[in-house]
Each structure stands twice: as C-alpha cells, then as structure tokens.
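Visitor: pasting a predicted model and its sequence here:
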Amino acid sequence: MKNSNSKTVSVVFDFQEVQNDPVFFPIPGETPSVHEIRDLLLKRYNSKFGKTEIQIEGEQIRIVWRPEYIDVNAENLHVEAIRFAKNRNIDQAILKWKQASAINENDVEYLYNLGLLHYEQKRYSESMQFLEKTIALCPIHHKSHLALGINHVKMRNFDKAAQHVSESIRLQKNNVLAYLNMGAIHSVKKRFNEAIEMFNKTIQLSPRESRAYLGMAKIYVQLADTEAANSYFRKVIELSPNTSIAEFAEQSMIRSDGVSAAPISQDQRIENLTKGIGYSLGSNYPLAVDHYKAYLKNQSSDDYAWYLLGEAQLRMNKIEEAVDSFRRCVRLNSKRGLYFKALGISLFLLKKHEEGAENFRKAVEFGKTDPLVLTLYGICLAREKRTDESMHQFKLTLKKHPNNPLALYHLSLALIKQNENKKAADLLEKIKSMSIYAPVKEHAVNLLKKM
C-alpha cells in the first residue's frame, strides 16, 4: 500500500472571490466571516469518500482531498494502462483501467482516465458516467468537471455544459481549455459579451490560441461587424498557416463580406422600438424585450436601444442578459454615464464588485453623481476592502443627501472596522430614529444591539 498523499487533489480560493461569487452568496450585501466561508466550502465540497481538509492561508482557503488508501496491485495495472494509452492502444488501456478500478473502485485517477478514453471513442454517455463518479468521489476534481462539460457540449446539453465548465473555472482559474469552451458555450447561447470575455481571457492566458480568435471572428460575423470579424480571421491564418482551421478562416472571410441582412423598412424598425417602449411603460417586459430585439436585429448600432433592452431584462431579473446588453451599449458609446451606471448596478447584483466599482467610477466621471451611484460605488469598494475610498464615497453621498439610510449604514460598518464605534453608533441611532420602513433600519437596530 502506498501513501495516499501521492494522489492528493487540492484547490485554492481567495476569500474575496468566494464572497463576490453569486453561486456562493446570491444575496447582495452579505459580508460572511472567514469561518462562514470555510464552512460553506466544506459543505459544498465535502465527500463521504476520502478525506477533505480546509486550510486557511492568509487571504486564501485551500481545500485538500485525499483518497482513503491506494492499492499496489491496482497501481501496477494503472502503470500498464498509462503505457498502452501513450502508445495509442486505447482498448487495452481501457481494459487495464477497468481492471484497476475493479480492485479499487474509489480511485479517481482510474475513473477520470476511463472518462477521457471513452470520450476519445465518442462514447459520450459512458464517458459521462465515469466522470460523474469521479466528481462524486472528489467534488474538487476540476479536470473531471471540465471533461464532463465538454461531453455535454457534444450532447448539445449547453446548460449542463456551462454548469460544469464554470465549476472547473471556479476551481482552477488558469485553465485555457476551460475558458475556450466557456466562450464557445456562450456563443451558442448567443450571449456574445460573455463569450467575448471568455475568449479574451483565453487569449490572455495563451496568446497563440487560434481557436479563441476563430471564436471571436464568428461572433463578429453574427454581429454583422465584418471588419472586426475579418481581422480575427486573419489572425487565425497568421497563427495556424496551412491548417484546416486556417482554410476555414480564409473561406469564412469571403462569406462574411457577402453577408447582408434581409431588407426591412425604416417604419418597421421604428414601430418595433416604439412598441418596445410602450410595453416597458406598461410593465410587460417580455414583450418589450421581443420588440427591442427585433429592432436591434436590423439596427445593432443603436446604443440607446441596447440600454432599453438591458433595462427590460433587468426588470425580468435576467441580470446576466442585462449585463450583456449594457456592455454592448457601452462599447458603442463610452461617453454616457447612464450606461456605466446601469452596468455597474447589474454587476453589483451579480456580486462582481471590482468590475462594478470601475463602472460606477466611470459613471461619476461622466456626471452621474446621484445617491444610488455613490452609495453602490462605496459598497463595491468596501467589498474590495478599499475602506478609505469607500468611506470617501459614503461621505460624498451624505454631503448631498444627509438622510440616506443605506449610506449611513455602510459608513457605520466601515467605521466599526476602524474601531470608531462611537461614531458608528451615532449613525446607527440616526437610522433607528427615522420614520421609515426599510430592511436597512432593522439591520441598524440589530447592529446596535450587538455593539
């Protein structure tokens, strides 16, 4: 029997990343403690097989999973299977790993490799069975999440594919293949801004990954931006000359030049936009979204229409789709504070506080200094542990609107962190005395009781 440490699987989380991840904390404004985050991760990733440990290292949490034991006889078969796999004798490799798994059915390496080889043979259902068992044994096995997601792509189960690839990225932040596949999934679902973000991340990690440039090119073809599409096609040809992917890119450049939208009259376009606005005013947001999309199909450069679409999607609680729309209108017109405000609010709701803060900063820069922008900007900065900057924003808000309860409450939280409890208590008492009904008032009363 060998030491089980030789098959340890480990992942690292930053506290801030966990706190900002809506999968972990879907309600905006939560401020979990280190121990609450630790318990949450342990609950999510614990397994009744093997041993799971949580290690706190400064601002990070490391999760370590170890198998209960390793069987020497099974390991000998494992070594043979690796040799067969390297020599491309796939059937024999599968046989050896199945024999090893029969001896030790809880070894994740055997199951993971069986999943990969069945995928190579296009036996996707069997591949998924092995990978699902791997994840059941070791929930932090990011490679299995990625492989399972890719299997679901092949089976056209894009929602499940996105779930597993996203989890793979959550567990390991620098996997090029994961970002590439996430970009492809978003593209299929026509979530183009998210897809562009994923392909850009792929390129950042691997600047010569021609498949990411091809993914970008395909997106801009669908957006009818021929110039941008062709620039990415040319990059594919440059990076992968004399390959099938380069040939496809070259042929696609010709096709993209000839793409033209079906003719539609200006009156029809305006009618779609007008009806969309009417439905929004009547709170019929699903129909509003349909008409905005119909208008934008033939008028994709109208930044304000993208903003209207995003607002309607936000009202339907389709926050990620709203983010897509707001990002599009920002790209089309980067000089309107209104757009940065809308994008900042949406990102705040998704707990993407760092990006939210940057958009609120730009909103302020372009004249949006209303209490909501300043307060949410301050909260985002606080979530990013930029306490002095956050307090400055709250004070700016209170200078203009001294009775803003949300700014008062969050300024009091910042003061408590700086051990200025007396000042914090005075602010909380001010909220308590207000003749309003709001959750923040209840929070203030509870915080006072704890002080």
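Guide: Thanks, I have it. Residues are numbered from 1 along each chain as shown.
Visitor: so which strand or helix has the residue most central in space within the chain?
Guide: The centroid of the chain falls nearest to Ser166 when counting by Cα atoms, centre = their mean (6.9 Å). Taking DSSP states H and E as the criterion, Ser166 maps to helix 158-171.
Visitor: which other helices and strands contact that helix?
Guide: For helix 158-171, the helices and strands in contact under the criterion 3 or more Cβ pairs under 8 Å, 6 or more residues apart in numbering; DSSP states H and E are helix 142-154, helix 176-188. Where C-beta positions appear, they are placed from N, C-alpha and C, glycine not excepted.
Visitor: ok, the residue nearest to the centre of the chain touching Tyr179?
Guide: No - counting by Cβ atoms under 8 Å, Ser166 stays clear of Tyr179, with 10.6 Å between them.
Visitor: mind checking the SS state of the residue of the chain positioned farthest from its centre?
Guide: Distance from the C-alpha centroid of the chain peaks at Asn73, with 42.3 Å (Cα atoms, centre = their mean). Secondary structure state of Asn73, per DSSP: H, G, I helix; E, B strand; the rest coil, is helix.
Visitor: report the contact partners of it.
Guide: By Cβ atoms under 8 Å, 6 or more residues apart in numbering, the contact list for Asn73 reads Ile103.
Visitor: need the pLDDT of it.
Guide: Predicted confidence (pLDDT) for Asn73: 94.
Visitor: before we move on, what about Ile203?
Guide: With respect to pLDDT, Ile203 scores 90.
Visitor: got it, and Phe340?
Guide: On the pLDDT scale, Phe340 is placed at 94.
Visitor: okay, now it: neighbour count?
Guide: Number of residues near Phe340 (other Cβ atoms under 10 Å) recorded here: 25.
Visitor: what is the helix or strand harbouring it packed up against?
Guide: Phe340 is part of helix 337-349, with elements assigned from DSSP H and E. Helices and strands touching helix 337-349, by 3+ Cβ pairs under 8 Å, 6+ apart, are helix 303-315, helix 319-332, helix 353-365, helix 371-383.
Visitor: domains in the protein, by residue range?
Guide: The chain is divided into the following domains under automatic domain parsing: 4-66, 190-260, 263-333.
Visitor: before we move on, the earlier item: for Gln222, which of the helices and strands packed on helix 337-349 is the nearest?
Guide: Comparison of the helices and strands packed on helix 337-349 against Gln222 by Cβ to Cβ identifies helix 319-332 as nearest, at 12.7 Å.
Visitor: now that closest one against helix 337-349, angle please.
Guide: If you take axes from the mean of the first three to the mean of the last three Cα atoms, to 10 degrees, helix 319-332 sits at 150 degrees to helix 337-349.
Visitor: CA atoms of helix 319-332 as PDB?
Guide: C-alpha atoms of helix 319-332 as PDB (Å, rounded to 0.1, in the frame of the first residue of the first chain):
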ATOM      1  CA  ILE A 319     -29.300  40.100 -14.800                       C
ATOM      2  CA  GLU A 320     -26.600  38.400 -16.900                       C
ATOM      3  CA  GLU A 321     -28.500  39.100 -20.100                       C
ATOM      4  CA  ALA A 322     -28.900  42.700 -18.900                       C
ATOM      5  CA  VAL A 323     -25.100  42.900 -18.400                       C
ATOM      6  CA  ASP A 324     -24.600  41.700 -22.000                       C
ATOM      7  CA  SER A 325     -26.900  44.500 -23.300                       C
ATOM      8  CA  PHE A 326     -25.300  47.200 -21.100                       C
ATOM      9  CA  ARG A 327     -21.800  46.100 -22.100                       C
ATOM     10  CA  ARG A 328     -22.900  46.400 -25.800                       C
ATOM     11  CA  CYS A 329     -24.200  49.900 -25.400                       C
ATOM     12  CA  VAL A 330     -21.000  50.900 -23.500                       C
ATOM     13  CA  ARG A 331     -18.900  49.600 -26.400                       C
ATOM     14  CA  LEU A 332     -21.000  51.600 -28.900                       C
END
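Visitor: how long is stretch 205-214 end to end?
Guide: 16 Å (Cα to Cα, to the nearest Å).
Visitor: buried sites along that stretch?
Guide: By neighbour count on 16 or more other Cβ atoms under 10 Å, the buried set for stretch 205-214 is 205-206, 209-214.
Visitor: go on, stretch 25-42?
Guide: Residues of stretch 25-42 classed as buried by neighbour count (16+ other Cβ under 10 Å): 25, 37-38, 41.
Visitor: give me the mean pLDDT for that stretch.
Guide: Average pLDDT, stretch 25-42: 76.
Visitor: first to last residue in it, what's the distance?
Guide: 15 Å.
Visitor: need the contact list for Leu131.
Guide: Applying Cβ under 8 Å, 6+ apart, we find Leu131 in contact with 111-112, 115, 144, 147-148, 151.
Visitor: let me know which of the helices and strands packed on helix 337-349 is tucked in deepest.
Guide: Ranked by mean neighbour count, the helices and strands packed on helix 337-349 are led by helix 371-383 with a mean of 24 (mean count of other Cβ atoms under 10 Å).
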